[in-house]
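> what's the 3D shape of this:
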Amino acid sequence: MKTFAEMEYHPAAESLVEVLCSKTQNSNPLFFRVLVGYYFGVVASSMRAVIVTHDRGDIPVNIYALNLSTSGSGKGFSTNIIENEVIGLFRQRFMEETFPQLAEINLPKLSLKRANRKSTDPDQELERVQKEFDAAGQLAFSFDSGTTAAVKQMRHKLLMANAGAVNLQIDEIGSNLVGNTDVLSTFLELYDVGLIKQKLTKNTNENTRGEEIVGRTPTNMLLFGTPSKLLNGSKTEEELYSMLETGYARRCLFGYSRASNKDTHLTPEQVYDMLTNKASNMVLQNLSDKLEQLADMSNANRRILMSKETSLLLIEYRLKCEKEANNLPEHEEIKKAEISHRYFKALKLAGAYAFIDDSPELTSDHLYNAIKLAEESGIAFNQLLTRDRNYVKLAKYIATVRRDITQADLVEDLPFYRGAAAQKQEMLILATAWGYKNNIIIKKSFSDGIEFLRGESLQETNLAKLTVAYSTDITEGYINEYAPWDKLHVLTQKAGLHWVAHHLTEGYRNEENCIPGFNLVVIDVDGGVNLSTVQLLLKNYKYLLYTTKRHTDAEHRFRLILPINYTLNLDAKEYKELMNNIYAWLPFTVDTQTNQRSRKWLSHNGHYEYNEGEVLDVLPFIPKTSKNEERKILLESQQSMDNLERWVTNNIGDGNRNNMLLRYAMILMDAGFSFDQINSRVKDLNEKIPDKLDEAEIMSTIMVTVAKAIAKK
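Okay, here's the model as predicted:
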């Protein structure tokens, strides 16, 4: 087989697709490719074209399609173009000339068979057959809704005429899916070869059961609309996936376009030229004339042959599809069904292409053209299956509303946010957890007993663009700047500069002028802990440390600058809460009076050093979030520990207990504790941690290292 990249789309179909893209100013062709494939199938099946295979007998040409595209992408416009300017002449000739003529030929044959079987007068039987044919009503070339009984009645009329196809076309499928479940269930049975069982009804004088005609009628189906209306997380979406599981996954070609890709920069003159392009109109006219010729009686019941070489190519593609399906896990049943039957959809589409080309044979080129679209359809189907779950939609909704919302807002705006209070709460918990992993924070607050929610999509910090503003004056003349992390020391070491970690309006430093948006946390350590202790404690974090002008060997005074993983937009109150949360998290004493956004820092040409490690995860410290509440609960459960013990305990993970306890012991040594005191405190902390170390391991590793360090000191 050729590779997917080597395959080409069907030339006539692609020329029409290009015209539709031009007239709708939509550069995303998938919707139009599936749409054109469907209508080509309608033309071929109306003339009862069949593919003569070597292994499965005669296969009728028919197409099922689920075609979704966003509002404004040209769905209705393109459909009208095809129905009126492309297949309009074919439909008119078929309905007014070809179908009546075929019925006129077949009805006498049918009456003669019945007369011979029942030994009745042929003329009387013909009269009864004609009456039965007329009683079935006028033939509908296509319809957008119906009942199972009506479909079977029209199918009976087509069987009597031995011509035509049943064509179901439902627009706005998101709004109409639930109301058409009965007729869609009927179409499931009709897809393969156009067969369906007759419904048994009671025979009475008023309602005489008609005589069943055994035969095949091709059926085509087009369901199209917007993804948002169909995949709305409510009963409609549940019904869709039930249909896919039942069998529509293997029967349908899929189009799924989330964006229309319209060029919004076109001028009115350019749009006018595209809509009235003579070359495009010529393509439509030529194709229309060609299709009208295909409605000729000579093309009825066309048998499209397949060579052995084309059959082998189809078998190779089938084996490829089945192998790919077998490699999927068992729980992906819908995907397995779609992939394993993809070759059959390609075969029917190839038959439609061959009929449109007026070819007596289904060639390898036709099959490759069909496989090309079938594979693209498979990609769209996978995108359809990987749609956002309800809790993901909930998280995105909360993040994009940009205001405080209540439970009433969620119920009113989101059709999937239904059920008992416990179900809603579980969905909100899942949304919060998903948001935490996908850069969305959801804050929760209460006012007068009413729950308010607010969401925000977070932007990851770019270490090459860290927010700072600086000036030579304490209050005025601040210049907003973005500093790269590796050059931040240039600012902190420049004598006489005042700087803040926010941008300021008009360069004036006060709380009201702070522009929300920061990605640096600045900690002021004003004595009480040694540099070496902080270096040990924050060994795993990325930071810049620089000494202030009051720093001495006896009393260490310095600033600690930590980049955070997301740029946060907090007001003055929320910023103060966040900084207080960080202060409570740190295992050493800091200046807690520096928790204002407008707090300025003085540069100093002293000692500085960078440490390479992880960027601080700021999410657990953001006020009103679930992660912050979990952090607070954890702190309350550790009231028996001091800050240092709590820090060590919370930073212990799988495989690093020994290292963290050693770090704890070295901090104690740095603080001047004796060997016995260190030994006692390490053992006490070991008792408080889960999966504690054996005392023998502590003595043979940690305390041996401590003893050597004390001796060396």
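> quick one: low-confidence parts of the protein?
The chain contains residues with pLDDT under 70 at 197-210, 259-264, 654-655.
> quick check: closest non-adjacent residue to the residue positioned nearest the centre of it.
Centroid-nearest residue in the chain: residue 387, 4.0 Å away (criterion: CA atoms, centre = their mean). Leaving aside its chain neighbours, residue 387 sits nearest to residue 231 (5.0 Å; criterion: CB to CB, 6 or more residues apart in numbering). C-betas here are computed from N, CA, C, even on glycine.
> returning to that earlier point: the residue nearest to the centre of the chain - that's part of a strand, no?
No: per DSSP: H, G, I helix; E, B strand; the rest coil, residue 387 lies outside any strand segment and is coil.
> pull up the gap between it and residue 469, please.
According to CB to CB, to the nearest Å, residue 387 stands 44 Å off from residue 469.
> what does residue 424 give?
The gap separating residue 424 from residue 469 is 44 Å, by CB to CB.
> show me which of those two is the more surrounded one.
residue 469 (22 against 16; other CB atoms under 10 Å).
> for that one, which residues make a bridge with it?
Here residue 469 shows beta-bridge partners residue 480, residue 500, assigned using DSSP bridges.
> for the remainder of this discussion, apply numbering that starts at 33.
I'll keep to 33 as the first residue from here, and by that count the last item is residue 501.
> now for it: which residues touch it?
Contacts for residue 501 (CB atoms under 8 Å, 6 or more residues apart in numbering) come out as 510, 511, 512, 513, 531, 532, 534, 535, 536, 539, 541.
> looking at those residues, which is nearest residue 73?
Distance to residue 73 across the contacts of residue 501 (CB to CB) is lowest for residue 535, with 60.1 Å.
> and for the closest one, the neighbour number?
Quick note: residue 535 (other CB under 10 Å) scores 20 neighbours.
> which other helices and strands does the one helix or strand residue 182 maps to contact?
Using DSSP states H and E, residue 182 sits in helix 180-193. Identification of packing neighbours for helix 180-193 by 3 or more CB pairs under 8 Å, 6 or more residues apart in numbering; DSSP states H and E yields helix 131-150, helix 154-167, strand 198-202, helix 213-222.
> name the residues that touch the shortest one?
This means strand 198-202. Residues outside strand 198-202 that contact it (CB under 8 Å, 6+ apart): 74, 78, 173-178, 183, 186-187, 190, 208-209, 212, 215, 219, 222, 249-257.
> just the second one next, same as before
The set of residues external to helix 154-167 that reach it, using CB under 8 Å, 6+ apart, is 135, 139-140, 142-144, 146-147, 150, 189, 192-193, 242.
> helix/strand/coil for the closest residue to residue 558 other than its chain neighbours?
Nearest residue to residue 558, sequence neighbours excluded (CB to CB, 6+ apart): residue 623, at 4.8 Å. Three-state call for residue 623 (three-state DSSP): coil.
> residue contacts, residue 623?
Listed by CB under 8 Å, 6+ apart, the contact set of residue 623 reads 556, 557, 558.
> which secondary structure elements does the lengthiest strand in the chain contact?
Assignment by DSSP state E gives strand 589-600 as the longest strand of the chain. Under the contact definition 3+ CB pairs under 8 Å, 6+ apart, strand 589-600 sits against strand 491-492, helix 520-525, strand 550-558, strand 575-579.
> next one: that strand to chain centre, how far?
Chain-centre distance of strand 589-600: 35 Å, with CA atoms, centre = their mean, to the nearest Å.
> likewise for stretch 112-120?
How far stretch 112-120 lies from its chain's middle: 33 Å, per CA atoms, centre = their mean.
> who touches residue 86 in this structure?
Listed by CB under 8 Å, 6+ apart, the contact set of residue 86 reads 338, 340, 343.
> restricted to strands, list these.
Those of those mapping onto strands are residue 338, per DSSP E.
> pretty sure residue 407 is touching residue 35, no?
No: look at residue 407 against residue 35 with CB atoms under 8 Å: they stay out of range, at 10.6 Å.
> of the two, which one has the most company?
residue 407 (15 against 6).
> all helices for the stretch 283-432 of the chain, in order.
Counting by DSSP state H, counting those that start in this stretch, the stretch 283-432 of the chain has helices at residues 300-307, 310-326, 340-358, 365-372, 374-388, 396-417, 422-433.
> skipping its backbone neighbours, what lies nearest the most far-flung residue of the chain relative to its centre in space?
Within the chain, residue 153 marks the point farthest from the mean C-alpha position, 65.5 Å out by CA atoms, centre = their mean. What sits nearest to residue 153 in space, not counting adjacent residues and going by CB to CB, 6+ apart, is residue 147, at 6.7 Å.
> sweet, I'm off.
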